Structure formats: structure tokens, C-alpha cells
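What follows is a predicted structure for the sequence shown.
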Amino acid sequence: MRAWAALLVAVIAAPAFAQVYRWVDAKGTVHYTNVAPPEGVKARVVEIDAQPGAASQDSRDCYTIRCQGERLEERLARREALEARQAAERAAATPPPPKGLDFRKYVSLQRGMGEAEMLGVTGPADMVVDQGIAIAAPSTVPVDRHTLAPARAGLRMKNYVWLPTPADPFTTTVTVVGGRISEIERERKF
């Protein structure tokens, strides 16, 4: 089995190690071949310096129709991938269409209602603006067992906004402070 494998490798590699001949025919045309030239022709062996390493840029370029077609297909595939990626980025950057807030849901909102309860009634808002800790409320902090010192505790403030739609031409803004509804505003936009 190994002998057959070695023989196969030798047969495949033989043309790579073959000599190259340069000869001129009767018409003056120069020929390069790897087979022996015809009888009576003066030929010389051409030395080829084959050095190991990466192929040169010239040998990577190909000028056959098949190679150019493959290069064109690669270029088209890269362009299509780039266009698909850019389309996905544009789609991700496009805001979703506004949902608005139906009047029935609006009238069920009340001051003091919890944030989770509000979102359970209304569903997700079109836009949420988290303003961080915006309001400081007075409170006390125990310093030791018998002493309370004044302190200021921050409350997180968020604005939930539902944008107008053709069916509901109102912009509704709900301000939540410390997890509870603080203000409810509804303004006609159309």
C-alpha cells in the first residue's frame, strides 16, 4: 500500500521536476517545452529557480476567463454581504412605528399606581427616558441605636411616552418617580 502511495506521488510530482527546453524552429519561433525537442533542433535546458515560499503577486493574478469569473463571483458575494449588512443596520436603526395609547388604557391610569402595574395595563411605551436620580426626598438615617440623622434619599425618575397615531392623535406622557406614577399628561398633536 505504501509503495503504491509513493509511486502515485512520484508520478504526480514528476512534471514539476521535469526539465524545460528552449528551442527555435525553422520559422524562427521560440518554443519552451517540458518534452524533448524534435531531432535535429538545437535545444538548451532552461534552469528554473524554484524557491519555497508564498507565491508572487504575479502568479496569483490569473487571466483566464474561468479565473476572472471566479473573481467576479467573489466580488459579487462580498458586495451582496456588505449590502445585506448595511440593510440590517438600517433596519435596526429605524424606530418601530408608534403604538399610541388607547383612551381606555389612558383612563385606567391613576396617580400613585406602580410602574409594573402601569406597564401591565398599557404595554410597552414608544419611548422611555430614564432621567436617573432626579428628585431627592427627605429621610433619616440611623447613626447609632438612639440617634437618627437627616439624610436625602434619591428617587429615580422615568418618563414613558406614547406617540400619536392616526387612530389616537394624542401624545401621552407618564412621569414615574420612585416606581409610582407622579404625573399623567395627554396632549392632542393632530
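Yep, it's here.

Name the helix or strand for residue 117, please.
Under the criterion of DSSP states H and E, residue 117 resides in helix 115-122.

residue at max distance from the center of this protein?
The centre of the chain is farthest from one residue, residue 40, which by C-alpha atoms, centre = their mean lies 67.3 Å away.

got a pLDDT number for that residue?
According to the prediction, residue 40 has pLDDT 83.

re the thing from before, report all helices and strands that the helix holding residue 117 contacts.
In terms of contacts (3 or more C-beta pairs under 8 Å, 6 or more residues apart in numbering; DSSP states H and E), helix 115-122 is packed against strand 148-162, strand 170-177, strand 180-188. All C-beta spots, glycine's among them, are computed from the backbone N, C-alpha and C.

can you give me the strands for this structure?
Taking DSSP state E to define them, one finds strands in the chain at 20-24, 30-33, 43-46, 127-142, 148-162, 170-177, 180-188.

Tell me which residue is most central in this structure.
Most central in the chain (C-alpha atoms, centre = their mean) works out to residue 85, at 6.1 Å.

Residue 91 versus that one, what's the distance?
Distance of residue 85 to residue 91, given as C-beta to C-beta, to the nearest Å: 11 Å.

again with residue 78
Relative to residue 91, residue 78 is positioned 20 Å away (criterion: C-beta to C-beta).

Neighbours of residue 175, how many?
Neighbours of residue 175 under the rule other C-beta atoms under 10 Å: 18.

Is it correct that it is in contact with residue 155?
No. In this structure residue 175 lies outside contact range of residue 155 using C-beta atoms under 8 Å: 11.4 Å.

coming back round to it: what sits against the residue nearest to the centre of the chain?
Neighbour list for residue 85: empty [criterion: C-beta atoms under 8 Å, 6 or more residues apart in numbering].

Got the domain ranges for the protein?
Residue ranges for the domains of the chain, per automatic domain parsing: 12-50, 57-94, 103-188.

least trustworthy helix or strand in this structure by mean pLDDT?
Sorting the helices and strands of the chain by mean pLDDT, DSSP states H and E puts helix 2-17 at the bottom, at a mean of 54.

I'd like the distance from stretch 167-175 to the chain centre, please.
Put simply, stretch 167-175 sits 35 Å off its chain's centre (C-alpha atoms, centre = their mean, to the nearest Å).

Can you list the neighbours in contact with it?
Contacting residues not belonging to stretch 167-175 are listed as 100-103, 106, 109, 118, 125, 157-164, 181-190 [C-beta under 8 Å, 6+ apart].

same question, stretch 97-105
By C-beta under 8 Å, 6+ apart, stretch 97-105 touches 121-124, 126, 162-165, 167-168, 170, 172.
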